[in-house]
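# Have a look; sequence and predicted model below, questions after that.
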Amino acid sequence: MKNIVLKIQFLCAILLLGIASACGGTSATTAPPSATATDTPPPPVATDTPSAGVEILEATFTHGVDEDGRPIDSVTSFLPDEKVYLAFTLKGRPKGTLTAHFYRGDKELGDASLDLSDLNSGVVFSIGENTYVNFWMDASPDHPLIISDDYRIEVSYDAQSIGSYAFRVVPPPDAIPTRIYEVTLARGSDENYNPIEPTTTFAPDEEVYLVMRGDAGRYTRLKTEWYVNGQLDETATKSITIVEDTEDTGGFFSHLPEGGWPVGEHQVVLIVNDEEFGRYDFTVEEAALVPFEDPEGIFSILIPADLDRFEKNKTGGYNYLFYASDGSGTIYVYFYAFDKPFSDEEWQGFAEDYDVVGMEPFGEDVIELDRQLGGPGEHFIYLEVESKENDIHALVWVQEAEGAMTVMTLSAPIDVWPDREADFSTALNNFTWWPDAVHAALGGQQE
């Protein structure tokens, strides 16, 4: 399966400019090929507003204007990297101020104004019977417009509205179709954009991930809006623009409010090219884990609240046993000190031979469901194992650093494991230990 990292393009502010010209010259220059899409809205309709002191004979969206200020073609849609022109033909020689406000939906992108009486401005000319005026909005491959059907330009003359003109920005005709075919809420994302621990229930201090997979055409824009207890968190809105066609690609958005999530129902909305794609609900509940810090400063961990019993022992090492009174879960943490650190070669040999078969509390039938090993300088072993003989499912974490080692097992009966998995994974992810404190507590025990 092919995976391509989504290239992030932060959309810059759009520059809005205006220019007016008039000429009694000949026909317009030859228009370049039009890159329009099917099912476009009708072209702007000429608006007759004598009460406003100006009469619009024609309003035309175009890819540009000729030397006389007349439109070179008539279109109603543009590509993301194309400059958008709206050209007007005004009757006679109006003297007031013409203003254009550019919008996408309810968001104003900017405005531009022209004083039509300023004949010495160098941009306003009135020759012959009519006046030609055009406003434009810049775009380029580096600063593309957002693909959307919801653009419009509101035009006024001396602060009196005289017309509203809609246009679209459409995908390039050679871009692949955008298809999002998998969206998952999870506690994380791996390097291949596969969701880690898919869930719709989170703790207040957990970052929520919206993990996606699909095909993305050039200039596709993906955006998320996060709603906290039904209210839009405007600080959390994030977006990316795909700058090249990508097939079977993955990506994610994530959010954790400052101060954590309040307990309750929340929602994230995925928006693709300015249209809502889907709404995804999730719940935040009070954490079922409580912090534990070793009095001798060796480690800290989050422990499920019902593992409220523990035993501490320093015989042959340094260890803790946390367990539930009903036998539904156990966390065992063990530390040992060596006289010198492991080399990468020594650790590799140790890790390759490491096996929990027959070790307490596992039986001889242990099977490994997952095994991950660290690379050079990362001396750890991660296992997920199961023993039907002893009715146990467990995570095992082994790590060496600076000549100290920890071994941790988080286990539960097989039928209870689905209820324990999320909390145990969180406990493991929040486990922190300090090798120097191990040496201080154990006095440099020899292997």
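Sure, I can see it.
# make it CA atoms for all contacts and neighbour counts henceforth
Fine.
# Stretch 302-313: which residues count as buried?
L302, I303, P304, D306, L307 (16 or more other CA atoms under 10 Å).
# And stretch 410-421, by the same measure?
Buried residues in stretch 410-421 (16+ other CA under 10 Å): L410, S411, A412, P413, I414, W417, R420, E421.
# Also stretch 325-339?
S328, G329, T330, I331, Y332, V333, Y334, F335, Y336, A337, F338.
# For F431, state which of those residues is nearest.
Closest approach to F431 among the buried residues of stretch 325-339 (CA to CA): V333, at 10.1 Å.
# Give me the residues contacting the helix or strand harbouring the closest one.
Secondary-structure element containing V333, defined by DSSP states H and E: strand 330-337. Applying CA atoms under 8 Å, 6 or more residues apart in numbering, the contact partners of strand 330-337 are 307, 316-324, 403-412, 438-439, 442-447.
# now the buried residues of stretch 325-339 in JSON lines, with distance to W397 and pLDDT?
Shown next, in JSON lines, are these (distance: CA to CA, whole Å; pLDDT from 0 to 100):
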{"residue": "S328", "distance to W397": "20", "pLDDT": "92"}
{"residue": "G329", "distance to W397": "16", "pLDDT": "94"}
{"residue": "T330", "distance to W397": "14", "pLDDT": "96"}
{"residue": "I331", "distance to W397": "11", "pLDDT": "96"}
{"residue": "Y332", "distance to W397": "10", "pLDDT": "95"}
{"residue": "V333", "distance to W397": "9", "pLDDT": "96"}
{"residue": "Y334", "distance to W397": "10", "pLDDT": "94"}
{"residue": "F335", "distance to W397": "12", "pLDDT": "95"}
{"residue": "Y336", "distance to W397": "14", "pLDDT": "93"}
{"residue": "A337", "distance to W397": "17", "pLDDT": "92"}
{"residue": "F338", "distance to W397": "18", "pLDDT": "92"}
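# want to throw these into JSON lines with distance to A100?
Converted to JSON lines, these look like this (distance: CA to CA, whole Å):
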{"residue": "S328", "distance to A100": "69"}
{"residue": "G329", "distance to A100": "67"}
{"residue": "T330", "distance to A100": "68"}
{"residue": "I331", "distance to A100": "67"}
{"residue": "Y332", "distance to A100": "69"}
{"residue": "V333", "distance to A100": "69"}
{"residue": "Y334", "distance to A100": "71"}
{"residue": "F335", "distance to A100": "71"}
{"residue": "Y336", "distance to A100": "74"}
{"residue": "A337", "distance to A100": "74"}
{"residue": "F338", "distance to A100": "76"}
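# Show me how far stretch 232-246 is from its chain's centre.
Between the centre of stretch 232-246 and the centre of its chain there are 6 Å (CA atoms, centre = their mean, to the nearest Å).
# got the buried residues for that stretch?
T237, S239, I240, T241, I242, V243, D245, T246.
# got the residue ranges for the strands in the stretch 101-250 of the chain?
Applying DSSP state E, counting those that start in this stretch to the stretch 101-250 of the chain gives strands spanning 107-115, 130-137, 148-157, 160-169, 179-189, 195-198, 201-202, 208-216, 221-228, 231-232, 238-241, 246-255.
# Tell me the strands beside the third one, with direction?
The partner list of strand 148-157 in its sheet, established with DSSP bridges, is strand 97-104 (antiparallel), strand 160-169 (antiparallel).
# how many degrees apart are that strand and strand 107-115 in direction?
Strand 148-157 and strand 107-115 are oriented at 30 degrees to each other (axes from the mean of the first three to the mean of the last three CA atoms, to 10 degrees).
# Tell me which residues of strand 148-157 come out buried.
S148, D149, Y151, R152, I153, E154, V155, S156, Y157.
# And the furthest pair within those residues?
S148 and Y157 (27.2 Å).
# still on that earlier bit, and which of the buried residues of stretch 410-421 is nearest to D81?
Closest to D81, out of all of these and judged by CA to CA, is E421, at 48.6 Å.
# does the closest one count as helix, strand or coil?
helix (DSSP: H, G, I helix; E, B strand; the rest coil).
# how close does it sit to E384?
According to CA to CA, to the nearest Å, E421 and E384 sit 11 Å apart.
# now E55
E55 is 77 Å from E384, by CA to CA.
# List the residues that contact the closest residue to L256 other than its chain neighbours.
Leaving aside its sequence neighbours, L256 sits nearest to E207 (CA to CA, 6 or more residues apart in numbering; 4.7 Å). Contact analysis of E207 by CA under 8 Å, 6+ apart lists R187, G188, S254, H255, L256.
# so what pLDDT did E207 get?
For E207, the pLDDT comes out at 93.
# same deal with the one 10 residues further on?
The pLDDT attached to G217 in the predicted structure is 94.
# V183 versus that one, what's the distance?
Taking CA to CA, one finds G217 at 17 Å from V183.
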